[in-house]
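> I'd like to go over a predicted model; first the sequence, then the structure.
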Amino acid sequence: MAMERNILFTGSDDCTIKLWEVINYSLLFTIKQHEEPIRDMLIIEETGHLVTCSDDGKIYIWNYPKRTIVEVEILISEFLKSRKLKRKKDSFVLHTPAA
């Protein structure tokens, strides 16, 4: 889950990303690009891009207002399981949460 202004972003086991308008509790739209469950997401505040990672081994960087993919990174899918995205200065990193 991630949030920017009045928009809530959710990712789920059905491989979809949903954008919700929180004031009216309405679904704005659904994006389906990943082939496996969504593991994490974050917003890059400076650009407004949404970053998502999934068990399919892909990290997508989205221009979500246009519903377009800005960049795709393909990793080994086993590496993404139980990983979280974190901001680190001008980039993002994957890390394993503490047990």
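Looks like it arrived, so ask away. Numbers count the residues shown, from 1 in each chain.
> residue closest to the middle of the chain?
What sits nearest the mean C-alpha location of the chain, by CA atoms, centre = their mean, is Thr52, with 2.4 Å.
> which is the next helix or strand following the helix or strand containing Leu42?
Here Leu42, judged by DSSP states H and E, is contained in strand 38-44. Per DSSP H and E, strand 38-44 leads on to strand 49-54 as the next helix or strand towards the C-terminus.
> what helices or strands is that next one leaning on?
strand 7-11, strand 38-44, strand 58-63 (3 or more CB pairs under 8 Å, 6 or more residues apart in numbering; DSSP states H and E). Where you see a C-beta, it was placed from the backbone N, CA and C, and this is true even at glycine.
> Please tabulate those in a markdown table, including the columns mean neighbour count, mean pLDDT and distance to Lys32.
Shown next, in a markdown table, are the helices and strands packed on strand 49-54 (neighbours: other CB atoms under 10 Å; pLDDT from 0 to 100; distance: least, CB to CB, whole Å):
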| stretch | mean neighbour count | mean pLDDT | distance to Lys32 |
| --- | --- | --- | --- |
| strand 7-11 | 19 | 92 | 11 |
| strand 38-44 | 20 | 88 | 10 |
| strand 58-63 | 20 | 88 | 11 |
